[in-house]
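Asks: Fold the following.
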Amino acid sequence: MTTASIRLEGSLVEKAKIIGKAQSRSAAKQIEHWAKIGRMMEDNPDLSYEFVQQSLIAKAEAEAEELEAYTFG
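Replies: Next comes the predicted model:
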């Protein structure tokens, strides 16, 4: 993974520290998370935030091989 230094508004970084702490993420990881969600929302404006969030959770569960079989009916 390539990293780059960028300048960010101080208030954004401070907010990321607070929210990131609650989510067990560093400020940098929290900002990456926000960017990922923002990119997904811009690419799919018809989807709700909750749908995008649940899709990310489902993807993480699949990658961890923690899926449960769904039974129809």
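
Asks: Can you find the helix or strand in this structure with the smallest mean pLDDT?
Replies: Ranked by mean pLDDT, DSSP states H and E, the weakest helix or strand in the chain is helix 49-63, scoring a mean of 91.

Asks: And for that helix, what's in contact with it?
Replies: Helix 49-63 is contacted by residues 36-37, 40-41, 44, 67 when judged by CB atoms under 8 Å, 6 or more residues apart in numbering. (C-beta placed from N, C-alpha, C; glycine too.)

Asks: same thing with stretch 15-26?
Replies: Stretch 15-26 has contacts (CB under 8 Å, 6+ apart) with 27-31, 33-34.

Asks: 10 Å - rerun?
Replies: For stretch 15-26, the external contacting residues (CB atoms under 10 Å, 6 or more residues apart in numbering) are 8-9, 13, 27-34.

Asks: need those in JSON lines with distance to residue 57, can you?
Replies: Shown next, in JSON lines, are those (distance: CB to CB, whole Å):
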{"residue": "8", "distance to residue 57": "27"}
{"residue": "9", "distance to residue 57": "29"}
{"residue": "13", "distance to residue 57": "26"}
{"residue": "27", "distance to residue 57": "22"}
{"residue": "28", "distance to residue 57": "21"}
{"residue": "29", "distance to residue 57": "16"}
{"residue": "30", "distance to residue 57": "17"}
{"residue": "31", "distance to residue 57": "20"}
{"residue": "32", "distance to residue 57": "17"}
{"residue": "33", "distance to residue 57": "13"}
{"residue": "34", "distance to residue 57": "16"}
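
Asks: Would you mark the buried spots in the longest helix seen in the chain?
Replies: For the chain, the helix that runs over the most residues, judged by DSSP state H, is helix 27-43. Across helix 27-43, burial judged by 16 or more other CB atoms under 10 Å covers 27, 30-31, 33, 40.

Asks: Now the residue positioned nearest the centre of the chain: closest residue in space that isn't a chain neighbour?
Replies: The C-alpha lying nearest the average C-alpha coordinate of the chain belongs to residue 33 (CA atoms, centre = their mean; 3.6 Å). Closest residue to residue 33 apart from its sequence neighbours, by CB to CB, 6 or more residues apart in numbering: residue 25 at 6.5 Å.

Asks: I appreciate the help and will end here.
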